[in-house]
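Asks: Below are the sequence and a predicted model for it; my questions follow.
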Amino acid sequence: MNEENGPLDRATATEYASWFKALADPTRIQIVSLLARQGRPMSVGEIVDAVHVGQSTVSAHLKVLAEVRFVLVDQQGTSRFYRINTACVDCFPTAADLVMGRPAPVAPTCPPEGGD
């Protein structure tokens, strides 16, 4: 099948699917939006106050977002601060681009945690 008219390769599709799955929750969208707009590391308590859900729920969502590298964790003493991984967000394709057959971004490789 012609690469230009065919589907994305399986590895790229799998990576993108994990990104979309990580964002398939309104609270996770709120967290990503908050961190991106704040532009600074935030504690779980600050995030809880902003999104109005419980601490355990926010922590679970942060874990999901960290697994796909949308969020990075900075350890400062006994505290953890979460920040947006701008390198990963910059390479995130929009759903419209994929659905409409527009060129997908170059290989979905994001730097490891702490590498943005």
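Replies: That came through, no problem.
Asks: Please count neighbours and contacts with C-alpha atoms only from this point.
Replies: Will do.
Asks: Can you pull the phi/psi pair for His52?
Replies: Main-chain torsions, His52, degrees, to the nearest 10: phi 60, psi 40.
Asks: and Leu35, what is it in contact with?
Replies: Remark: with contacts taken as CA atoms under 8 Å, 6 or more residues apart in numbering, Leu35 is in contact with 41-42, 82-84.
Asks: On the three-state scheme, it is what?
Replies: helix (DSSP: H, G, I helix; E, B strand; the rest coil).
Asks: Quick check: closest non-adjacent residue to Ala66.
Replies: Leu72 (6.0 Å; CA to CA, 6 or more residues apart in numbering).
Asks: Count the neighbours of that neighbour for me.
Replies: 25 (other CA atoms under 10 Å).
Asks: Over to it: give its phi and psi.
Replies: Dihedral angles for Leu72 - degrees, to the nearest 10 - are phi -110, psi 150.
Asks: So it versus Gly54, what's the distance?
Replies: 20 Å (CA to CA, to the nearest Å).
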